[in-house]
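Enquirer: here is my input; please provide its structure:
(one chain, ligands or ions: 4)
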Amino acid sequence: MKQSTLLLPTLREVPAEAEIISHKLMVRAGLLRQLVSGVYTYLPLGYRVLRNVQRIVREEMDRAGAQEISMPAIQPAELWKETGRWEAYGPELMRLKDRHDRDFVLGPTHEEVVTSLVRDNLNSYKKLPINLYQIQTKYRDEVRPRFGVIRSREFVMKDAYSFDTSREGLDASYDSMYGAYSRIFTRAGLNFRPVEADAGAIGGKGTHEFMALSEIGEDTIAYCTSCDYAANLEKAEVVYKQEDRVASAGELEKVPTPDVKTIEQLMNHFNFEARSFIKALVFKADDRFVIGLVRGDHELNDVKLKNIVDANVLEMASEAELAQLGLPLGFIGPFNLPDEIEVYADSLVQDMIDVIAGANEVDMHYRNVVPGRDFNVKAYADLRNVVEGDECPRCGGHIAFARGIEVGHVFKLGTRYSEKMGAKFLDVNGKEQLMVMGCYGIGVSRTAAACVEQNNDENGIIWPWEMAPFHVHVVPVNVKNEEQKQLAEDIYSKLCEAGYDVLLDDRAERAGVKFKDADLIGLPIRITVGAKAGEGIVECKLRRSGEGQDIHMDELLAHVA
Ligand code: ATP
Ligand code: MG
Ligand code: MG
Ligand code: MG
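Expert: Numbering: from 1, shown residues only. Ligands and ions are numbered 1, 2, ... in the order given. Below is the predicted model of the structure:
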């Protein structure tokens, strides 16, 4: 590619809206331009990087036996009503109507679509397991889009869905995705760590997040310096499991889980029965309180977190309304909250008034739970109060903290969606059974940004080889010099022929400008064609180490390789 004709608008100035280094660099190096808050255009360089992530993802997903499909971004509301997420998903869901006044959503994720696809087209154990994936544009109306494409409203995700005949099958599918993710993020040049996402359930293997380590990460990770234990602290949750129960739980009153989905129903419910309500999350956003509700779902403990994430935000209420509701400020969890929402819960956990806990029975709950008396809250307390240097819950080693950017997430869904949507298969005995599902996401655009966040210096980006928009930057110092111009073009063609992606800076700019741009763009190898061009000698410089070496044109190919 010749730079003179390339749409590559580099900037010396830092864009005002950019808070973090990757966002600044991606705009300055001419990769991205914002159209409107949280919505970006990828310019040629940026798009090449995005395609690199996609290539790596495709290769590893295919290697793991997944099959690529492409599902629509536009999805009918009916599907979302089947799973209850039309109501539960909240304002992050982009909703729209067609000319016939029918409701649609712009897909933030594709469980509904893929489950309906498999339900309608696959019904025998002989066709299972299957893993379907796509690389697609997703839409989430994030409360606060920020950090460029790290948290945008339109973004590219790779999402995969596995369908198995059994829990054991799901475990194998999950492990295979876990392996693929580790290879993907390694190839993408990231310093990352897989962490347990529902940290409250120590030892729980139902969901992991892949975290790119970075100071600007929105999640705090507690990890062990001796073993591979790592957990997302912000996800630390009181997971009351049956095995955590102590004797006095027998005295608790079991109550049916009320079917409330709106604040109105909630209020009605409270007028009758002030305390018999399921888990409430109450947290503060500016001067409003957000009341969330966790609907009972006991098929699997490890899907609880997902329920919470998906189903929490009901509506905003003022403090007075809250008091009027007589809401128990008891069960409050620092769940996966929108980032600017301060976790009001933290300070309240100490003086819990009332806690409602699941009764490990569909649609039943205990009320007036006292943590410690009725349930063993050690695991929770350990995690909530954990400080650096604490003992690792697994091996007794030392706990350290780090910040992370969630670039990937793997999740055992179990039968949650197949049950709601009737995705069944006939087993060996001709008996109908529910499919056992897993889902696996990668933020493709976020991975590109996380890579920049981790790979840069004061002069610009430092691309890892597989992520680089071009491998080699050929820079003739002065294109008006015929010798330099010719040699640069020869090198350019030679490298292109050898299969490298090469950018030739054929612009009639001053050398200083070209070098500044080259450092900013950050291609792994720069070949400078200057004064020694007559002897066929050029300088070959590595962006990462800054090491340069004079090389004869004839040895160049061997050197680049
Ligand atoms: P977050 O906690 O950052 O909001 P999430 O848990 O809501 O992410 P998932 O539903 O797990 O996201 O989606 C799978 C992946 O998609 C995430 O691991 C992340 O890499 C990416 N992703 C999610 N939301 C965004 C966004 N707004 N912009 C860019 N990438 C995103
Ligand atoms: Mg998350
Ligand atoms: Mg999110
Ligand atoms: Mg996630």
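
Enquirer: leaving out chain neighbours, which residue sits closest to the closest residue to ligand 1 within the stretch 301-450 of the chain?
Expert: Of all residues in the stretch 301-450 of the chain, the one sitting closest to ligand 1 is Gly443 (2.3 Å; CB to the nearest ligand atom). Bear in mind the C-beta positions are built from the backbone N, C-alpha and C, glycine included. Once flanking residues are discounted, Gly443 sits nearest to Val407: 5.5 Å by CB to CB, 6 or more residues apart in numbering.

Enquirer: contacting residues for the one you found?
Expert: Phe185, Leu190, Phe192, Phe210, Met211, Ala212, Ile442, Gly443, Arg446, Thr447, Ala450 (CB atoms under 8 Å, 6 or more residues apart in numbering).

Enquirer: need phi/psi at Lys97.
Expert: phi -120, psi 150 (degrees, to the nearest 10).

Enquirer: ok, the one 5 residues further on next?
Expert: The phi and psi torsions at Arg102 (degrees, to the nearest 10) take the values phi -90, psi 140.

Enquirer: need the pLDDT of it.
Expert: At Arg102, the predicted lDDT confidence score is 98.

Enquirer: what number of residues lie near it?
Expert: 11 (other CB atoms under 10 Å).

Enquirer: and the gap between Thr220 and ligand 1?
Expert: 13 Å (CB to the nearest ligand atom, to the nearest Å).

Enquirer: so what strands line up beside the longest strand along the chain?
Expert: Ranked by number of residues, the top strand in the chain under DSSP state E is strand 399-414. Sheet pairing for strand 399-414, assigned by DSSP bridges, gives strand 207-213 (antiparallel), strand 219-224 (antiparallel), strand 436-443 (antiparallel).

Enquirer: reformat these as CSV; add mean pLDDT and mean neighbour count.
Expert: Output for the strands paired with strand 399-414, formatted as CSV (pLDDT from 0 to 100; neighbours: other CB atoms under 10 Å):
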stretch, mean pLDDT, mean neighbour count
strand 207-213, 95, 25
strand 219-224, 86, 21
strand 436-443, 97, 26
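
Enquirer: and the helices in the stretch 351-500 of the chain?
Expert: Counting by DSSP state H, counting those that start in this stretch, the stretch 351-500 of the chain has helices at residues 378-384, 416-421, 444-454, 482-497.

Enquirer: from the ones you listed, which stretch is densest packed?
Expert: helix 444-454 (a mean of 27; mean count of other CB atoms under 10 Å).

Enquirer: return the set of buried residues in the longest strand of the chain.
Expert: Under the neighbour-count criterion of 16 or more other CB atoms under 10 Å, strand 399-414 has 399, 402, 404-414 buried.

Enquirer: any idea which of these is least confident?
Expert: For these, the pLDDT minimum is Ile399, 81.

Enquirer: was I right to think that one contacts Glu391?
Expert: Yes: contact criterion CB atoms under 8 Å: Ile399 and Glu391 qualify, at 6.9 Å.

Enquirer: not counting sequence-adjacent ones, nearest residue to Ala531?
Expert: Here the residue nearest Ala531, using CB to CB, 6+ apart, is Val477, at 7.6 Å.

Enquirer: distance between the ends of stretch 211-224?
Expert: Using CA to CA, to the nearest Å, one end of stretch 211-224 lies 15 Å from the other.

Enquirer: likewise for stretch 498-510?
Expert: 29 Å.

Enquirer: report the buried residues of it.
Expert: So for stretch 498-510, counting by 16+ other CB under 10 Å, buried means Tyr500, Val502, Leu503, Leu504, Asp505, Asp506, Arg507, Glu509.

Enquirer: equivalent analysis for stretch 9-26, please.
Expert: Buried positions in stretch 9-26, judged by neighbour count with 16+ other CB under 10 Å: Thr10, Ala18, Ile20, Ile21, Ser22, His23, Lys24, Leu25, Met26.
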